[in-house]
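*Asks:* sequence unknown, structure follows:
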């Protein structure tokens, strides 16, 4: 959860221990932070991801109108009133530029209710002494979309959290930070607290006790810092910052052709074909099948076009490559919200047929490279008769998707918080199975539940390559032996490579750093060792 709109009128510590309690004058400070425009820098190590700008304007009735321009040029707006407010988290767009916004209605009062469009609602009762609402925007730290948290006292507090599959509370503890965690740039008068029990690890928040304005927010496990760099009294809505550009790819020795092909239900899919400049009359070909979510043909995640990098490398090496927008995304037809697993398989089969029909494709050397969700679909394609020379699975799930969802929501949690997160997800899974969930992706999930990747891979007749990141937090490397053992039990030709410091996107994470989705928002190249391993395996087969 990327902390983005920060402490909009919250008194973070009215019951702090005496050693860090604010002066008496601070306790009588106004409930709402001063009007003005607050500019923060969002940093990851030495990299600047972007600017977070928050404009606060208090009306004569005491309502607060807050405008924020979030990182990567995505807009996030909060209108806080005494009744109902609507805001649109920007971070889903930051991860998937093709995603549609999620709207949340918040009703304030002695309790406040969050209603997430199409997902249900949740009540939160503020702690004693609460003065406002802290608005948080995810998923950078936890992988979930955290909408709002009550202002709090020290001790246990409740977050109103939601994910693509569920909505419900999350319990965290707020503690006094140790002296050695204070940033050297902050004056000694600044107070702080630590939020513990979050999947991201501890979050340190340092603030001005007279105004409750956050000066710096740190997530040590991920190297994240959100630092206040300026404050003016002007309240005009700021302009959105520009998003960082993707890193340049290798000089092309191929031509790119935009194309379309038709799935079995008549849905027209749009894609790009890359064809090497020089080669034999018939060349080997690769179909790229994307991971889950609203991904385009380049599998653009943050500023990182994963499939664009792969296709360029493959075509520079002599392979014809087809990549395409998922149905309902980009220029492809269909409805992403109602897409089923069978439709995704049908779309991939149509892509294979498109390649096989080309005069410049060697029909005996057509491969599928599937990433994440695509790594779950590719074995089904091969097992059910697709004429493939081989399949390469990048970060494939080794467990059924319903079990992976439980793993993901409980990651990093312990004790009661972990037990509750698991219970909530199991309940959400039951609603998905029953067809009662309206959460984004619920239809795809329902049609994917019960599919065991280990069972499917046993029926694959062609060679298999499996690539896995050791720091992948979406599908875990510790589960990989389950998939590999199933494959090797039935095959003579299974190749496995684990890249110890790579995450789910095969971005290399520094050795001592925890992998989270923060790195998804920084321009990166796909690990060259991964591309080399893929090319070597393709050439061998």
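*Replies:* Yep, that arrived. Values in this document were obtained by computation on a predicted structure and should not be read as measured data.

*Asks:* Let me see the contact set for the residue lying closest to residue 500 once chain neighbours are set aside.
*Replies:* Excluding its sequence neighbours, the residue lying closest to residue 500 (CB to CB, 6 or more residues apart in numbering) is residue 470, at 3.8 Å. Bear in mind the C-beta positions are built from the backbone N, C-alpha and C, glycine included. Applying CB atoms under 8 Å, 6 or more residues apart in numbering to residue 470 gives the contacts 477, 498-502.

*Asks:* now these as CSV including distance to residue 448?
*Replies:* Shown next, in CSV, are these (distance: CB to CB, whole Å):
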residue, distance to residue 448
477, 22
498, 25
499, 26
500, 29
501, 29
502, 25
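
*Asks:* quick one, what contacts residue 480?
*Replies:* Counting by CB under 8 Å, 6+ apart, residue 480 makes contact with 398, 466, 468, 496, 498.

*Asks:* Look at it and give its secondary structure.
*Replies:* Using DSSP: H, G, I helix; E, B strand; the rest coil, the structure places residue 480 in helix.

*Asks:* now it: how far from residue 497?
*Replies:* Here the criterion is CB to CB, to the nearest Å. By it, residue 480 lies 11 Å from residue 497.

*Asks:* can you check residue 41 too?
*Replies:* Going from residue 41 to residue 497 by CB to CB gives 37 Å.

*Asks:* Over to residue 447?
*Replies:* In this view, residue 447 and residue 497 are 31 Å apart by CB to CB.

*Asks:* Ok, residue 353 next?
*Replies:* 30 Å.

*Asks:* try residue 417
*Replies:* Remark: distance between residue 417 and residue 497 (CB to CB) = 35 Å.

*Asks:* Ok, residue 264 next?
*Replies:* Residue 264 sits 34 Å away from residue 497, taking CB to CB as the criterion.

*Asks:* Specify the local secondary structure of the nearest residue to residue 231 once chain neighbours are set aside.
*Replies:* Spatially, and ignoring its direct neighbours in sequence, residue 231 is nearest to residue 38 (5.2 Å; CB to CB, 6+ apart). Following three-state DSSP, residue 38 is assigned to strand.

*Asks:* Now name the helix or strand holding residue 533.
*Replies:* Applying DSSP states H and E as the criterion places residue 533 in helix 528-540.

*Asks:* and the closest residue to residue 390 other than its chain neighbours, how many neighbours?
*Replies:* Of all residues beyond its chain neighbours, the one nearest residue 390 is residue 463 (4.1 Å), with distances taken as CB to CB, 6+ apart. Around residue 463 there are 20 other residues, counting by other CB atoms under 10 Å.

*Asks:* isn't residue 463 right next to residue 541, touching?
*Replies:* Yes: contact status for residue 463 versus residue 541: in contact at 5.3 Å, counting by CB atoms under 8 Å.

*Asks:* Flag the shaky bits of the stretch 351-500 of the chain, pLDDT-wise.
*Replies:* Low-confidence segments of the stretch 351-500 of the chain, defined by pLDDT under 70, span residues 440.

*Asks:* could you pull out the helices for it?
*Replies:* In the stretch 351-500 of the chain, the segments counted as helices under DSSP state H, counting those that start in this stretch are 373-383, 401-410, 415-433, 442-448, 453-457, 480-490.

*Asks:* now the stretch 201-350 of the chain
*Replies:* With DSSP H, counting those that start in this stretch as the criterion, the stretch 201-350 of the chain has helices at 306-316, 341-356.

*Asks:* Contacts for the longest one next, please.
*Replies:* Okay, so that is helix 341-356. With CB under 8 Å, 6+ apart, helix 341-356 has contacts from 259, 261-265, 267, 269, 271, 285, 287, 289, 320, 322, 324, 326-327, 334, 361, 363, 366, 368, 373-374, 377-378, 380-381, 386-388, 444, 447-448, 451.

*Asks:* now that helix against helix 401-410, angle please.
*Replies:* 110 degrees (axes from the mean of the first three to the mean of the last three CA atoms, to 10 degrees).

*Asks:* Would you mind measuring from the closest residue to residue 514 other than its chain neighbours to residue 507?
*Replies:* Residue nearest to residue 514 in three dimensions, not counting chain neighbours: residue 221, with 4.3 Å by CB to CB, 6+ apart. Residue 221 sits at a distance of 17 Å from residue 507 (criterion: CB to CB).

*Asks:* of those two, who's got more company?
*Replies:* Taking other CB under 10 Å, residue 221 and residue 507 do not tie; residue 507 has more neighbours (24 against 18).

*Asks:* Quick check: closest non-adjacent residue to that one.
*Replies:* Excluding the flanking residues, the one nearest residue 507 by CB to CB, 6+ apart is residue 524, at 4.4 Å.

*Asks:* in the sheet, who's paired with residue 289?
*Replies:* Using DSSP bridges, the bridge partners assigned to residue 289 are residue 370.

*Asks:* number of nearby residues for it?
*Replies:* 30.

*Asks:* mind checking how far it is from residue 228?
*Replies:* Residue 289 is 44 Å from residue 228, where distance means CB to CB.

*Asks:* Repeat that for residue 318.
*Replies:* 52 Å.

*Asks:* Of those two, give the one with the bigger neighbour count.
*Replies:* A side-by-side neighbour count of residue 318 and residue 228, using other CB under 10 Å, places residue 228 first with 21 against 18.

*Asks:* what's near enough to touch that one?
*Replies:* Here residue 228 is in contact with 38-40, 213-216 (CB under 8 Å, 6+ apart).

*Asks:* Can you pick out the most distant pair from those residues?
*Replies:* Farthest apart among the contacts of residue 228 by CB to CB are 39 and 216. That separation is 13.2 Å.

*Asks:* Show me whatever sits in contact with both of residue 463 and residue 541.
*Replies:* Contacts common to residue 463 and residue 541, judged by CB under 8 Å, 6+ apart, are 389-390.

*Asks:* tell me which residues form a beta bridge with residue 256?
*Replies:* On the basis of DSSP bridges, residue 256 is bridged to residue 274.

*Asks:* these two touch, right, it and residue 274?
*Replies:* Yes: with contact defined as CB under 8 Å, residue 256 and residue 274 form a contacting pair (5.2 Å).

*Asks:* of the two, who's got more company?
*Replies:* The residue with more neighbours, out of residue 256 and residue 274, is residue 274; 21 against 15, by other CB under 10 Å.

*Asks:* contacting residues for that one?
*Replies:* Residue 274 is in contact with 252, 254-257, 311-312, 314-315, 320-321, counting by CB under 8 Å, 6+ apart.

*Asks:* Could you double-check that residue 222 sits in contact with residue 510?
*Replies:* No: Residue 222 lies out of contact with residue 510 (CB under 8 Å); the separation is 10.8 Å.

*Asks:* the more surrounded of those two?
*Replies:* Comparing residue 222 with residue 510 by other CB under 10 Å, the one with more neighbours is residue 222, at 22 against 12.
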